[in-house]
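J.: from the sequence below, what's the structure:
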Amino acid sequence: MNQNTIDLLLTLLPRNKTIESAVAGLFFYCADQPNKAVSYIQEPSICIVLQGEREIYLGAECQRFSNSHLMFCPVNIPLSMHIKHASIQNPVIVLSMKLNLSMIREVLAQIPTHHSITSGHLGIKWQLDDAIMAAFNRLIGLLDYPNDIEFLASLIQQEIYYRLLLGEQGHKLRQLVVEGSHTHRIAQATDWIKSHLNEPIMVENLASRCGMSVSGFHQHFKGITQLSPLQYQKSLRLMEARRLIKIQGQTVQIAQIAMQVGYESPSQFSREYKRLFGLSPSNEMR
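T.: Numbers count the residues shown, from 1 in each chain. The predicted structure follows:
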């Protein structure tokens, strides 16, 4: 990462808060102190630690990210982030860029069809090469030239997608936008689960909706999210409940929140909430 880019961000970013920049879909988080593991839903994005290091917990798996790798999230993924080391002098800076599927399709359509699509595990940790990082440097640099953003931002983002699609892990990005691919179908399933949080999941119906066998659906769903469909839904429900509690505070009843995210039993909701977040919903409200 270019030091001039880091210096620019340090003058622009508030501390310990996620913000969307003047470039639509480009977010930053700057932490000047360590934090406990924070659970949230990562939208389909490319994420890069520009300075420092963070740990990402996805299911039972923990991966460390510094500025030598990017994190590729093809679907909405419930995960936890832990920053162990950060200070005012050396803050951790994280960038995330939402995936623009229509732009990816446009770029893909212009890439020669003879370029091979390789197979491989759909992991979230990709090597970050110099050409991609240079493009992100230019994209961030536009924040210092706001009048150029409207014209140049999309051109630079197209270059980023072009380099990702032709890179070693490019097949993973391709699969996200190719109609009928496993990744595309699982993305549709996760979108359905997110928009129907308070409804029970029938895995057989969800697999059928995606045009997949139940066993194949389970295999590919867990390969991408590291969770079973039921575990995925539970994580999304609890994270949505936490968001609602933080917004509404003491003005809302626990049973009301539980029902809103699909729990029939407030006591079960409280147990699972405490297991994930380390404190009960009632303590969260205080």
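J.: just the buried positions in stretch 93-110, please.
T.: 93-97, 99-100, 103-104, 107-108 (16 or more other Cβ atoms under 10 Å). Where you see a C-beta, it was placed from the backbone N, CA and C, and this is true even at glycine.
J.: cross the residues you listed against helices and list the overlap.
T.: Counted as lying in helices by DSSP state H, out of the buried residues of stretch 93-110, are 103-104, 107-108.
J.: of these, closest to Arg64?
T.: Ile104 (27.3 Å; Cβ to Cβ).
J.: thought the closest one was touching Leu176?
T.: Yes: counting by Cβ atoms under 8 Å, Ile104 does reach Leu176; the two are 7.2 Å apart.
J.: which one among the ones in helices among the buried residues of stretch 93-110 gets closest to Leu197?
T.: Distances from Leu197 to those, taken by Cβ to Cβ, are shortest for Ile104, at 26.9 Å.
J.: check contacts around the residue sitting nearest the centre point of the chain.
T.: Centre of the chain computed as the mean C-alpha position; nearest residue by Cα atoms, centre = their mean is Gln42, 2.6 Å away. Shown in contact with Gln42 (Cβ atoms under 8 Å, 6 or more residues apart in numbering): 73, 76-79, 96.
J.: that one pairs with what?
T.: Ile77 (DSSP bridges).
J.: next SSE after the helix or strand harbouring Ile224?
T.: Using DSSP states H and E, the element containing Ile224 is helix 214-225. Using DSSP H and E, the helix or strand that follows helix 214-225 towards the C-terminus is helix 229-248.
J.: mind listing the strands for this protein?
T.: Here the chain has its strands, by DSSP state E, at 18-20, 26-31, 35-42, 45-51, 54-58, 61-65, 69-73, 77-83, 92-98, 125-127.
J.: what angle do the longest one and helix 229-248 make?
T.: Per axes from the mean of the first three to the mean of the last three Cα atoms, to 10 degrees, the angle that strand 35-42 makes with helix 229-248 is 110 degrees.
J.: give me the mean pLDDT for strand 35-42.
T.: In this model, strand 35-42 has a mean pLDDT of 88.
J.: tell me where the chain is predicted with low confidence.
T.: Low-confidence segments of the chain (pLDDT under 70): 113-122, 251.
J.: buried ones in stretch 24-38?
T.: 25-32.
J.: quick check: the farthest pair among those residues?
T.: Gly25 and Asp32 (24.7 Å).
J.: what's the end-to-end length of stretch 66-83?
T.: For stretch 66-83, the first-to-last residue distance is 11 Å (Cα to Cα, to the nearest Å).
J.: roughly how far is that stretch from the heart of the chain?
T.: 6 Å (Cα atoms, centre = their mean, to the nearest Å).
J.: and stretch 204-216, by the same measure?
T.: Averaging C-alpha positions (Cα atoms, centre = their mean) puts stretch 204-216 24 Å from its chain's average.
J.: buried stuff in stretch 197-215?
T.: Applying 16+ other Cβ under 10 Å to stretch 197-215 flags 201, 206-207, 210, 212 as buried.
J.: alright, I will stop here.
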